[in-house]
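1. Build the 3D model from these lines:
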Amino acid sequence: MTNLSLTYLPLAVDDVAAATAFYRDTLGFEVLNEVENGGFHWVTLGIAAQPGLSIVLSEPGAGRSPDDAEALHRLLAKGSLGPYVFTADDLDATFERVQASGADILQEPMDQPWGPRDIAFRDPAGNLIRVNQAA
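-> Numbers count the residues shown, from 1 in each chain. Sure, this is the predicted structure:
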């Protein structure tokens, strides 16, 4: 069987600049590429701990039909996208940075009955983000 790996995780955002600042300054991602094409803007970010995996922040209309863009925009506005789950070495420090950023906190650090200790919040676009404590 062929080994597969995930390379890009697309995240729809309504404001690429605000989302880029959040993922870079609050969560520690590094900007790898920034593209403007056809009236749209997207940013690829990576993190040193996981080379070869990137998140791509783009507006709902980037590379999509107008109908799909509108549907995705409605889901984004309702906060229906996610959860996107990350892992942190220091969950409490991550929580402090997220809280200081003004993000919408949905859950403070807690032990879950299914195993992980985690937090939950919404990024600036409203995507549901969870961060687990690394084992």
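2. List the contacts of the one helix or strand in the chain whose mean pLDDT sits lowest.
-> Within the chain, confidence by mean pLDDT, DSSP states H and E is lowest for helix 66-78 among all helices and strands, at a mean of 91. Contacts to helix 66-78, defined as CB atoms under 8 Å, 6 or more residues apart in numbering, come from residues 12-14, 59-61, 64, 81, 125-127. In this view, the C-beta of every residue, glycine as well, is placed from N, C-alpha and C.
3. Minimum pLDDT in these, which residue is that?
-> Note: of the contacts of helix 66-78, the lowest pLDDT belongs to Gly61, at 85.
4. And the following helix or strand past the least confident helix or strand of the chain, what's buried?
-> Next helix or strand after helix 66-78 toward the C-terminus (DSSP states H and E): strand 84-88. By neighbour count with 16 or more other CB atoms under 10 Å, strand 84-88 contains the buried residues 86-88.
5. Please list the members of the contacts of helix 66-78 that lie in strands.
-> Applying DSSP state E to those, the entries found in strands are Ala12.
6. sorry, back to before: could you dump the buried residues of strand 84-88 into TSV with distance to Ser5 and pLDDT added?
-> TSV is the format used below for the buried residues of strand 84-88 (distance: CB to CB, whole Å; pLDDT from 0 to 100):
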residue	distance to Ser5	pLDDT
Phe86	17	94
Thr87	16	93
Ala88	21	94
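7. Would you format these as TSV with distance to Ala19 included?
-> Formatted as TSV, the buried residues of strand 84-88 follow (distance: CB to CB, whole Å):
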residue	distance to Ala19
Phe86	15
Thr87	20
Ala88	19
